[in-house]
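Student: return atomic coordinates for the entry below.
(one chain, ligands or ions: 1)
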Amino acid sequence: MIQTSDSESDRLRARQQVLVADDNPRLLASLASLLSDHGFRPVTASNGSEACRLLQEHRFTMALLDLNMPGRDGFQVMEEASRLQPDCALVVVSGETSFRAVSRALRRGASDYIRKPFDPDEVLATLENVLGKQSLMQAHEDVQQRLEKSESLHRYIVNNSPDIVFMLDGQGRFCFLNRKVVNLLGYQPADLLGKHFRLLLDDEEASRSKLALKNPGISADHPVSFEVCLRASGSDRATRHFEITAFPISDDSWRTLGDREYSDLSLHARYYGIARDVTERKEAEAFISFQAYHDLLTRLPNRALFRDRLNMALNHASRHHQQLAVMFLDLDRFKIINDTLGHTVGDRLLQAVTQRLERCLRKGDTLSRFGGDEFTLLLPAVPDREHAAVIANKLIDTLREPFVLDNQDIYIGVSIGIAMFPEAGDTIEHLIRNADLAMYQVKSRGKDGYCFFDSSMTVDSSERLTLERDLRRAISEGELRVHYQPQVCLRTRRITGLEALVRWQHPERGLLLPADFLPLASETNLISEISHQVLKNACEEVGQWIAAGHQDLRLAVNLSPVQVEHPLFTERLMSQLRQIGFPPANLEIEITENVIMNDLEQVSHTLRELAGHGVRIAIDDFGTGYSSLNYLHHLPIHTLKIDRSFVHGIRSGNDGACIVNAIIAMAQGLKLEIVAEGVETQDQLDYLSTSDCDLVQGFLFGRAQPGYRVAELLGHQALPIASSA
Ligand SMILES: Nc1nc2c(ncn2[C@@H]2O[C@H](COP(=O)(O)O[C@H]3[C@@H](O)[C@H](n4cnc5c(=O)[nH]c(N)nc54)O[C@@H]3COP(=O)(O)O)[C@@H](O)[C@H]2O)c(=O)[nH]1
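Tutor: So this is what the prediction gives:
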C-alpha cells in the first residue's frame, strides 16, 4: 500500500470526485457523508441509470457501486464505466456476497469488494488502498512515458544523424546500425546485422580497419579515426568514402540503460563507431588534384604531370641504359580553323585529335597537352629511332584523315619533332626544347611530317631571343631587302621572270640569307609579316619596271604555308595588288607540293580563286615533296619548277637526268611551263636546252641581286653567263 502523509492524503482526496450509486437512500446518504467527511467529493446516484448518466457528464476517480439496483444494475454500470472512463477505479459495495457475484464483479474490473452493511473504516481503508494503487500506477505510467519519450528522442537523434552509427561485437560483426545506412549505402540495417564489417570493405582496407580497432591505445576519450571506401549495396552503386571514428565500449557505458533491446546489445556490443560520408570532400579533393595535373578540355596530363612522368622515365632509362623518345607535336592549320570556325569547333577538334592520337599509343606512353594546339608525347621504352619513326608516322597518318565536325570535313595535319634520350639531351628541359626545335624544322619545310633533333638545330636560347628581338626590329625598321634572281628563257636567253628572295641587311652581321632567320620567323609567326613586306616591296619595284615597258616581266614570290592557308588570303592579296597597281597576270606565286597536300581542299579553293584573278601558280621544288600527281590534273597550275637536286643530277649521273626528262615530258603533256632551278654549269644548261625545258634559273645566270642591279640586266637582249657561276 502506498504510504502517504496526512496532508498529502488530504490533498489527493480533495481532488477526487467519487461516484456513489445505491438504491437505498439511507445507505447512499451515509456513504456520501462518510466520503465528504474525509475530504472526498461524492456525487450520488440513486439507481443504475442515473449513475450511467453521471458517468457521461463527469469525470470520476472512483465509483462505489451497489450491485442490485432497479433498472440498470451495478454490473451494467461497471460496463459503462469501463467503456467511458477506463481509469476510474470501481469498488463494489453490496449485500450480495456469493462467490459468483464477487468473482463476476472482479472480472468486470472491480478493484475491491465491500460487504454491506459496511464498516466505515473498511470503506475508508479500501478507498485509500485503491487510491494508493492508482497513484502507483500513475507514477509507473509517467516513468514509462518519460522512458518512451526519451527513447524515441534518442532513436530519432541516432536515426537522423547525418552519419552511420554502428556497433560491433567482439568478432567485428554488426550488432547495431542506424537507418542512415539505407540512404548512404543502400542496405537495410537487417541486411547487415550479424554480418562482419569486412563485407563492406576490400581485403586491404578490412585488414587496415581491423588493426585500427585492435590498437591498444584507443578508448572513448581517444577514439581511432581512419578513412575507408565502403561498398554500397547492388552492383550499380559506386563505392563511397567514409571517415570512421570508433572506440571500444566499456561495461560502465550500459549502466544507465535497462531496456531489453539495450541489455541484449550490452551483452554483445564491444565497439561503437560513426561513419561519416566524406565522398563529396574526397571527390572535390580528387578534382582539384586532377585539375592541377590535367588539361580539362582533353583530360590529358598537363605540362606539370608530363614533366613528372618524364623525370621518372629518365631515371629508369638511365639506370637500365635504355633509350626513350620525347615528341613535340604541333597541329598544322589549327589556328586558322579556330579563327574561322570558332572556338567551340576548335575545342571539339582538339578533343577528337586527342582521341585519335591516344588510339596510336600503348599503356605506359604519356600524351600531354602542352598548351594551345601543342602536345608532347613520352615513349618511355623505345628501342631505337626507327621505332619512334614508326609511331610518328602512325600519328601523322591518323590525323590526315578528315575530321567531321558540324557536318563538314576538317583537314588538319601535324608536325612532329623527336628528341631521343640520351643523344638529344639528358634532362627534361633539353629533351622538350630539342623536340620543339626539331618540330620547327618540320614546320619550316612545309609541315606535316616528323624530324629527329640533331645538334645543328641548336641555337643558344639567348641567341634566339636576341635574333627574335632583332627580327622584329628589322621588320619595323625596314631592314629587310628584296633580291631578285632572273628566270631566263632557254630559247631567247632573255629574262622573262624574276624570283623575289628576301634578305636581311643586319646592321652588325651584314647581309643575311633566309636560312639564317626564316626558321625562327616561322616559329614566331613573323613569317607572314615578312612575306607580306616582300610581296609589297617586290610588287612596287617590279611594277615600275613593268610600267616602264617590260609588260611581260613576271614576278615570282615565295609564300609561307600560313599565308596560303588563310581563308582571306586571296581577298587581301588582290586588294594589295589593286592598291599598288600591279597586274595580277604578271604575278606568279610559288608553293610546294606539301603545302597543297596539307590541306588539299582549302588550298585548292585558294588556288582556284587566284587563278580566277589571273595570278599564275608555280609548284616549287617539284619532285621532292609528298605528293599525289593527281592534283596536277585538277588544280590550276601553270608552272613546275624542277628542284635543283635533280638538275645537279644531270651532271653526276643518269638518274637525275632521267627524272628531269620524266618531269619535262609530264609537264609537256599537261601543258605546264617548266623552270629548271639551280642551273650552275654549262653542261646542265646544254642538256636542258636539248630537252624542251622552257626557263632556267641558277647561279650560271646570276645569284639573287638587289633591284638596281637587276634593272640594268633587264635591258640585255640575251643574258650573259655570270662570271661568278
Ligand atoms: N615565304 C618566303 N620564303 C622565302 C622568301 N625568300 C626566300 N624564301 C625561302 O627561302 C629559301 C632559300 O632562299 P635563298 O637562300 O634565297 O635561296 C634561293 C636561291 O639563292 C637558291 N639558288 C638559286 N640558284 C641556285 C643555284 O644555282 N645553286 C644553289 N645552290 N642555290 C641556288 O635557291 C633558292 C631559291 O629556290 P626556290 O625558292 O626553290 O626557287 C627559298 O627556297 C624560299 O623557300 C620569302 O620572301 N618568303
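Student: name the helix or strand for Ile650, please.
Tutor: Following DSSP states H and E, one finds Ile650 within helix 644-652.
Student: report the buried residues of that helix.
Tutor: For helix 644-652, a neighbour-count test (16 or more other Cβ atoms under 10 Å) marks 644, 646-650 as buried. The way it works is simple: take the backbone N, C-alpha and C, and place the C-beta from them, glycine included.
Student: what's the answer for stretch 491-498, then?
Tutor: Judged by neighbour count using 16+ other Cβ under 10 Å, the buried positions of stretch 491-498 are 493, 495-498.
Student: now do the nearest residue to Pro561 once chain neighbours are set aside: how many residues are near it, please.
Tutor: Leaving out its chain neighbours, the residue that sits closest to Pro561 by Cβ to Cβ, 6 or more residues apart in numbering is Val595, at 4.7 Å. When neighbours are counted by other Cβ atoms under 10 Å, Val595 registers 23.
Student: looking at it, Val595 is touching Asn558, isn't it?
Tutor: No: in terms of Cβ atoms under 8 Å, Val595 does not count as a neighbour of Asn558; the distance is 10.6 Å.
Student: select the longest helix from this structure.
Tutor: Ranked by residue count and defined by DSSP state H, the top helix of the chain is helix 120-159.
Student: return the alpha-carbon coordinates of the helix or strand just after it using PDB.
Tutor: Beyond helix 120-159 in the direction of the C-terminus, DSSP H and E gives the next helix or strand as strand 164-169. Listed next in PDB are the C-alpha coordinates belonging to strand 164-169 (Å, rounded to 0.1, in the frame of the first residue of the first chain):
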ATOM      1  CA  ILE A 164      26.100   6.000 -39.900                       C
ATOM      2  CA  VAL A 165      26.100   4.900 -36.300                       C
ATOM      3  CA  PHE A 166      27.100   1.400 -35.700                       C
ATOM      4  CA  MET A 167      28.100  -1.100 -33.000                       C
ATOM      5  CA  LEU A 168      30.300  -4.200 -33.500                       C
ATOM      6  CA  ASP A 169      30.600  -7.200 -31.300                       C
END
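Student: could you give the angle of strand 164-169 to helix 120-159?
Tutor: Here strand 164-169 runs at 110 degrees with respect to helix 120-159, directions being taken by axes from the mean of the first three to the mean of the last three Cα atoms, to 10 degrees.
Student: tell me what strand 164-169 is packed against?
Tutor: In terms of contact count using 3 or more Cβ pairs under 8 Å, 6 or more residues apart in numbering; DSSP states H and E, strand 164-169 is assigned the packing partners strand 174-177, helix 180-185, strand 269-277.
Student: how does it look with 6 Å?
Tutor: Packed against strand 164-169, as judged by 3 or more Cβ pairs under 6 Å, 6 or more residues apart in numbering; DSSP states H and E, are the following elements: strand 174-177, strand 269-277.
Student: ok, what's across the strand from the nearest residue to Leu184 once chain neighbours are set aside?
Tutor: Spatial nearest neighbour of Leu184, chain neighbours left out: Asp277 (5.3 Å); criterion: Cβ to Cβ, 6+ apart. Counting by DSSP bridges, Asp277 forms beta bridges with Phe242.
Student: do the longest strand along the chain and the ligand meet?
Tutor: Longest strand in the chain, counting residues (DSSP state E): strand 495-506. Yes: Strand 495-506 lies in contact with the ligand when judged by Cβ under 6 Å from any ligand atom; the contacting residues are 499, 501-502.
Student: thinking again about what came up before, ok, the residue nearest to Leu184 - how many residues close by?
Tutor: Residues within reach of Asp277, counting by other Cβ under 10 Å, total 19.
Student: what does Asp169 give?
Tutor: Applying other Cβ under 10 Å, we find 17 other residues in the vicinity of Asp169.
Student: just to revisit the earlier point, past the longest strand of the chain, which element shows up next along the chain?
Tutor: Going down the chain from strand 495-506, the next helix or strand is strand 510-512, by DSSP H and E.
Student: that next one and the ligand, are they touching?
Tutor: No: under the criterion of Cβ under 6 Å from any ligand atom, the ligand is not reached by strand 510-512; the shortest gap measures 9.7 Å.
Student: next, the buried residues of that strand.
Tutor: Leu512.
Student: name the helices or strands packed onto it?
Tutor: With contacts defined as 3+ Cβ pairs under 6 Å, 6+ apart, the packing partners of strand 510-512 are strand 495-506.
Student: and the gap between Gly417 and Val442?
Tutor: Using Cβ to Cβ, to the nearest Å, one gets 6 Å for the distance from Gly417 to Val442.
Student: now name the helix or strand holding the residue nearest to Pro561.
Tutor: helix 593-598.
Student: next helix or strand past that helix?
Tutor: Remark: after helix 593-598, the chain's next helix or strand is helix 600-612, criterion DSSP H and E.
Student: dump that next one to PDB, restricted to CA.
Tutor: Listed in PDB are the C-alpha atoms of helix 600-612, where the atom choice follows Å, rounded to 0.1, in the frame of the first residue of the first chain:
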ATOM      1  CA  LEU A 600      44.000  20.000-100.400                       C
ATOM      2  CA  GLU A 601      40.500  21.300-100.000                       C
ATOM      3  CA  GLN A 602      41.300  24.800 -98.600                       C
ATOM      4  CA  VAL A 603      44.400  25.300-100.800                       C
ATOM      5  CA  SER A 604      42.600  24.100-104.000                       C
ATOM      6  CA  HIS A 605      39.900  26.700-103.200                       C
ATOM      7  CA  THR A 606      42.500  29.500-102.800                       C
ATOM      8  CA  LEU A 607      44.400  28.500-105.900                       C
ATOM      9  CA  ARG A 608      41.200  28.500-108.000                       C
ATOM     10  CA  GLU A 609      40.300  31.900-106.700                       C
ATOM     11  CA  LEU A 610      43.800  33.200-107.500                       C
ATOM     12  CA  ALA A 611      43.800  31.700-111.000                       C
ATOM     13  CA  GLY A 612      40.400  33.200-111.500                       C
END
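Student: show me the contacts for Gly449.
Tutor: Gly449 makes contacts with Val442, as judged by Cβ atoms under 6 Å, 6 or more residues apart in numbering.
Student: can you check Leu31 too?
Tutor: For Leu31, the contacting residues are Val20, by Cβ under 6 Å, 6+ apart.
Student: wasn't it part of a strand?
Tutor: No: judged by DSSP: H, G, I helix; E, B strand; the rest coil, Leu31 forms no part of a strand; its state is helix.
Student: I'd like the distance between it and the ligand.
Tutor: Using Cβ to the nearest ligand atom, to the nearest Å, Leu31 is found at 130 Å from the ligand.
Student: and for Lys210?
Tutor: Distance, Lys210 to the ligand, using Cβ to the nearest ligand atom: 72 Å.
Student: the chain should start at 20 in everything you say after this.
Tutor: That works, and once the first residue is 20, the last one we named lands at Lys229.
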